[in-house]
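> whatever this is, show me its structure:
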Amino acid sequence: MKRTDEVNFLDTPEEILWYCERYNGWGFQTGAGRNTTPPRRSPYLWSKTNHWIKGKYTSDGRFNPNAGSLQVGVAAILKRLEQLGHISFDPLQPTVVPLTNGQRPILRFGDNGFWVGVAQHTVNGCGFGPLTVDNDFGSTTERIIMQFQRSVGLNDDGEVGSLTWAALDAHAKLSGWEPLSGSSQPALTTSVAAAPSL
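Residues are numbered from 1 along each chain as shown. Have a look, this model is predicted:
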């Protein structure tokens, strides 16, 4: 993208969308592009969302009010990146939560490290899995976490946040299970049968 050296800081969706609209040109606000459905919506921002249906420039200066678009708009891309946990626009819930006062981090697909291993080890201890404790939050870990969340009545978002950590800690464990050293987990060792695999 050209002219990105003019951008100092983009931290809200509005700022990002404004800059992308500026980069693409204001034709959807001031020119023939105002005739989109709904009006004044750029497909370069809104395509593949419920905020734009049709109407785009098909070549320089040529607007077609009935033209569709196969490309995915910036807003749809940003939303998907947020859903996948790669970006966060919520200042009250940063993407990486600092570990303070024994609080554990929020874990999601793509994360790795010690705390991912703790979650894998603990969900195994709850009778789900078995997961290889490899400290990598991949698709298998996400699937097993979602299975666990459904079993205890939590939203099955696949993220290990405070409610999922609490449920993992409180859940009865397989006989012989011990918490990982340094994980600040209670050693609940009530014997349970392994959960059925899906």
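> residues contacting the closest residue to Gly73 other than its chain neighbours?
Distances taken as C-beta to C-beta, 6 or more residues apart in numbering put Ser47 closest to Gly73, at 3.9 Å, once the chain neighbours are dropped. (Glycine included, C-beta is placed from N, CA and C.) Ser47 makes contacts with Ser69, Gln71, Val72, Gly73, Ala76, as judged by C-beta atoms under 8 Å, 6 or more residues apart in numbering.
> I'd say the first one and Thr58 touch.
Pointing back at Ser69 there. No. Counting by C-beta atoms under 8 Å, Ser69 does not reach Thr58; the two are 10.0 Å apart.
> which one of these two is surrounded by more residues?
Ser69 (16 against 9; other C-beta atoms under 10 Å).
> tell me the domain ranges of the protein?
Domain ranges of the chain: 11-81, 96-198, per automatic domain parsing.
> roughly how far is the shortest one from the heart of the chain?
Spelled out, that is domain 11-81. 24 Å (C-alpha atoms, centre = their mean, to the nearest Å).
> ok, the last one next?
Remark: domain 96-198 is offset 18 Å from the chain centroid, using C-alpha atoms, centre = their mean.
> which of the contacts of Ser47 fall in helices?
Ala76 (DSSP state H).
> ChimeraX command for the buried members of the contacts of Ser47?
Provided next is the ChimeraX selection string for whichever of those are buried by 16 or more other C-beta atoms under 10 Å:
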select :69,73,76
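> would you format the contacts of Ser47 as JSON lines with pLDDT and distance to Gln83 included?
Shown next, in JSON lines, are the contacts of Ser47 (pLDDT from 0 to 100; distance: C-beta to C-beta, whole Å):
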{"residue": "Ser69", "pLDDT": "89", "distance to Gln83": "21"}
{"residue": "Gln71", "pLDDT": "88", "distance to Gln83": "19"}
{"residue": "Val72", "pLDDT": "91", "distance to Gln83": "14"}
{"residue": "Gly73", "pLDDT": "90", "distance to Gln83": "15"}
{"residue": "Ala76", "pLDDT": "89", "distance to Gln83": "11"}
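> could I get the contacts of Ser47 as JSON lines with distance to Arg143?
Formatted as JSON lines, the contacts of Ser47 follow (distance: C-beta to C-beta, whole Å):
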{"residue": "Ser69", "distance to Arg143": "34"}
{"residue": "Gln71", "distance to Arg143": "31"}
{"residue": "Val72", "distance to Arg143": "26"}
{"residue": "Gly73", "distance to Arg143": "30"}
{"residue": "Ala76", "distance to Arg143": "25"}
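> what is the nearest of the contacts of Ser47 to Arg41?
Arg41 lies nearest to Gly73 out of the contacts of Ser47, by C-beta to C-beta, at 9.2 Å.
> surely that closest one is in contact with Asn50?
No. With contact defined as C-beta under 8 Å, Gly73 does not count as touching Asn50 (11.3 Å).
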